[in-house]
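> quick one, fold the following:
(2 chains)
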Amino acid sequence: MTMNATRGYHPGLVDLASGQVSREIFVNDDIYAQEQERIFARSWLFVGHESQIPNPGDFFASRMGEESVILCRDRAGAVHVFLNSCRHRGMKVCRYDDGNTTVFTCPYHGWSYGTDGALVGVPYFREAYHSELDKAKHHLVEVAQLCCHKGTVWANWDASAPPFLEYLGEFQRFLDLILDGWDGREGQAELLGGVQKWIIPCNWKFPAENFSGDTYHNISHRSVDLVGVGPSGRSRRDYSELNVARKLHVAIPDRGHQTITYVLPRDHEPQAAYQNSPEVAEYFRDCEEERRRRPAANSRLIGAPGEIFPNVALLPRQPRTLAVWHPKSAHETEVWRFFFVDRDAPQAVKNFLRDYYIRYSGPAGMTEQDDMENWNYAHSASRGVIARRHPYSYEMGMGHAVEDYEWEGLRMPGRVVDLTKAQASEEPMRNLYRRWAQFMAADSWDELMTWRRNVPREALAQSEAAK
Amino acid sequence: MSDPINIRALAAGTRVVLATGAEAEIVSNPQDGVWLFARYLSSASDPAMVGQEDMIFAQDVVEVRS
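Next up, the predicted model:
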């Protein structure tokens, strides 16, 4: 498999029949440029959390793909996401990470926008423009769709994309493992502290693939396990439930989302965890018992690393974070990691969990440092003309995924690989690159919404109305 | 040409004179160094502005009265 004279994406670079993926999709600048249009301008992207903008006028400068955007709450309380670029000459109208304001003022020529995006101030409007400029035509560019889901804010530039929850499909239950309280109450997550941000020299798909469910690389975290950074002083996480759980890969083929998850047996008693702090251990035991009293199906799931297409990583437990892999170039990614706790948890519990998070994740976190070494050196070793001739292998476990998986009465969606004995598979990675290739090839969302093709016309009309 | 005025230092209630000769009272200051929100107290060139609230561009402020 070689690139030959073909520039940019073409079918065959992702060859799932043979389990081969060309290195070009990671290191080719033309393909990267196409990704911005085909993937990041059409996908639902995570922008931030409502707890970052609780009051009118609050804002948080975020990103969508390469674009700088402003997440803000206007004076009337409505949430907006705007392109952070003046309509006059393109200067950023917001150069702070976060804050509260009445207006976003461009420092270049002074055009000024309200928190609802309306152009409200134009220097020399009467004198130089003779009051003839139509301010209504120069509103800050706003995303086509926005969705607030259990506090998280998601946005999409494409008006023809499906609504966010339809985009998630049956994967929603895995995202909700982060956003719901540990005791099972809905939407109890609170963003704690600031967002960790750092830049790594690799393509954004290296971390996206890793968090899709790469259990095969556990060996590279051996030193962290030996140190015992975990919250009970052993290994890097508390794993005691896993002795009785089924360990699964779950991939949603028509959406491109995938995860590791653990399914507990029926009537399973909570296991000891967070043993380094009696207070935290008691808090989690109480929460686990409460969770089991609730009828929600999620009470038998333990969350683990997963990925929402294209660039949002889940880590529902230990530590509980969302990460975004913002593309900067084919060879550079800006990582943003958001850390969540239960809103009502005692402060001592939040402090303990924050310390564990810092030990584990982020640029100084021991586990994330291992990952970054792998991604960064894999990327640099794949850029040469010789290296590019040789595709990566994604052959592990091909043909061993099943549909309609069920264990002790709990059905799992999508395609499932039981890892309890197998330990690892590359089904999630194949799922990620299948969806990636579909996005790169499709000219419209109509081609990408394959699940709608068999839906009765009345249901489609209801879905459109909901948008 | 008058010396530039640091409008970030101006509090609500301060009266300013504009390049047109109009006088306005600051209602709020977004602290961006570019704009003030103010109410016109006088405006010989456009009397209809008196009592109106408007955004005042920093370069239009030529004098601080109080």
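
> could you measure residue A:234 against chain B, distance?
51 Å (C-beta to the nearest C-beta, to the nearest Å). To be clear about C-beta, it is placed using only N, CA and C from the backbone, and glycine gets the same treatment.

> next one: phi and psi at the closest residue to that residue other than its chain neighbours?
Ranked by C-beta to C-beta, 6 or more residues apart in numbering or on different chains and with sequence neighbours excluded, the top spatial neighbour of residue A:234 is residue A:228, at 5.1 Å. Phi and psi for residue A:228, reported as degrees, to the nearest 10, are phi 80, psi 60.

> next, count neighbours for the one residue in chain B that gets nearest to chain A.
Among all residues of chain B, residue B:32 sits closest to chain A, at 4.0 Å; criterion: C-beta to the nearest C-beta. The tally of other residues near residue B:32 (other C-beta atoms under 10 Å in any protein chain shown) stands at 21.

> now do the contacts for it.
Taking C-beta atoms under 8 Å, 6 or more residues apart in numbering or on different chains as the contact definition, residue B:32 lies against A:101, A:103, A:105, A:112, B:8.

> got a PyMOL select line for the buried ones in these?
This is the PyMOL syntax for the buried subset of these, where burial follows 16 or more other C-beta atoms under 10 Å in any protein chain shown:
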select buried, chain A and resi 101+103+105+112
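
> quick check, the lengthiest strand in chain B touching chain A?
Longest strand in chain B, counting residues (DSSP state E): strand B:35-42. Yes - against chain A, strand B:35-42 shows contacts by C-beta under 8 Å from any C-beta of the partner chain at B:35, B:37.

> low-confidence ranges in chain B?
B:1-2 (pLDDT under 70).

> centre of the chain to stretch A:432-439, how far?
16 Å (C-alpha atoms, centre = their mean, to the nearest Å).

> and the contacts of residue B:32 as CSV, adding distance to residue A:313 and secondary structure?
Converted to CSV, these look like this (distance: C-beta to C-beta, whole Å; DSSP: H, G, I helix; E, B strand; the rest coil):
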residue, distance to residue A:313, secondary structure
A:101, 31, coil
A:103, 35, strand
A:105, 35, strand
A:112, 37, strand
B:8, 41, helix
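
> ok, of the contacts of residue B:32, which one's closest to residue A:92?
residue A:105 (10.8 Å; C-beta to C-beta).

> hmm, the residue nearest to residue A:234 is touching residue A:237, no?
No - under the criterion of C-beta atoms under 8 Å, residue A:228 makes no contact with residue A:237, lying 10.6 Å away.

> sec struct for residue A:168, please.
On the three-state scheme (DSSP: H, G, I helix; E, B strand; the rest coil), residue A:168 is labelled helix.

> from chain B, how far out is it?
38 Å.

> isn't that residue right up against residue A:255?
Yes - Residue A:168 is within contact range of residue A:255, at 7.0 Å (criterion: C-beta under 8 Å).

> check residue A:455 and give its pLDDT.
pLDDT recorded at residue A:455 is 65.

> measure the closest residue to residue A:203 other than its chain neighbours to chain B for me?
Closest residue in space to residue A:203, ignoring its immediate chain neighbours: residue A:26 at 4.3 Å, by C-beta to C-beta, 6+ apart. Here the distance between residue A:26 and chain B works out to 42 Å (C-beta to the nearest C-beta).

> hmm, residue A:330 and residue A:26 touching each other?
Yes - contact criterion C-beta under 8 Å: residue A:26 and residue A:330 qualify, at 7.5 Å.

> ok, the residue nearest to residue A:203 to residue A:114 distance?
42 Å (C-beta to C-beta, to the nearest Å).

> surely the residue of chain B closest to chain A is in a strand?
No - in this structure, residue B:32 is coil, not part of a strand, as judged by three-state DSSP.

> picking that back up, tell me the secondary structure for the residue nearest to residue A:203?
With three-state DSSP as the criterion, residue A:26 was assigned helix.

> OK, contacts around it?
Residues counted as contacts of residue A:26 (C-beta under 8 Å, 6+ apart) are A:203, A:205, A:206, A:330, A:379, A:382.

> and with 7 Å instead?
Going by C-beta atoms under 7 Å, 6 or more residues apart in numbering or on different chains, residue A:26 touches A:203, A:205, A:379, A:382.

> name the member of the residues you listed with the most neighbours.
Going by other C-beta under 10 Å, residue A:203 tops the contacts of residue A:26 with 29 neighbours.

> give me the pLDDT value at that one.
Value for residue A:203, per-residue pLDDT: 98.

> swap in residue A:221?
88.

> contact partners of stretch A:127-142?
Identification of contacts with stretch A:127-142 by C-beta under 7 Å, 6+ apart yields A:80, A:81, A:82, A:83, A:87, A:113, A:117, A:118, A:119, A:122, A:125.

> the residues you listed: which ones sit near chain B?
The subset of these within reach of chain B, by C-beta under 7 Å from any C-beta of the partner chain, is empty.

> inside strands: which ones of these?
Of the contacts of stretch A:127-142, the ones assigned to strands by DSSP E are A:80, A:81, A:82, A:83, A:113, A:119.

> in TSV: those residues, plus pLDDT, neighbour count and distance to residue A:220.
Below are the ones in strands among the contacts of stretch A:127-142 laid out as TSV (pLDDT from 0 to 100; neighbours: other C-beta atoms under 10 Å in any protein chain shown; distance: C-beta to C-beta, whole Å):
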residue	pLDDT	neighbour count	distance to residue A:220
A:80	98	21	41
A:81	98	27	36
A:82	98	24	40
A:83	98	20	39
A:113	98	24	47
A:119	98	21	51
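
> of all the residues you listed, which two lie farthest apart?
A:81 and A:119 (17.3 Å).

> list the contacts of residue B:8.
B:31, B:33.

> up against chain B, what does chain A have?
So far as C-beta under 7 Å from any C-beta goes, chain A lies against chain B at A:101, A:102, A:103, A:105, A:110, A:112, A:120, A:121, A:123.

> need the helices for chain A, in chain order.
Using DSSP state H, the helices of chain A run over A:24-27, A:29-35, A:164-168, A:172-179, A:205-211, A:222-227, A:278-293, A:347-360, A:366-380, A:419-422, A:427-441, A:445-448, A:457-466.

> flag whichever of those has the least confidence on average.
Looking at the helices of chain A, the weakest mean confidence is helix A:457-466, a mean of 61.

> who does the lengthiest strand in chain A pair up with?
The strand that spans the most residues within chain A, counting by DSSP E, is strand A:332-342. Strand A:332-342 sits in its sheet next to strand A:189-191 (antiparallel), strand A:196-200 (antiparallel), strand A:321-329 (antiparallel), going by DSSP bridges.

> ok, which of those comes nearest residue A:232?
Short answer: strand A:321-329, nearest of the strands paired with strand A:332-342 by C-beta to C-beta, at 19.2 Å.

> residue contacts, the residue in chain A positioned nearest to chain B?
Distances between chain A and chain B by C-beta to the nearest C-beta are smallest at residue A:105, namely 4.0 Å. Applying C-beta under 7 Å, 6+ apart to residue A:105 gives the contacts A:93, A:112, B:32, B:34, B:35.

> tell me which residues are up against the longest strand of chain B.
Contacts for strand B:35-42 (C-beta under 7 Å, 6+ apart): A:103, A:105, A:112, A:121, B:7, B:10, B:15-16, B:22-29, B:49-58.
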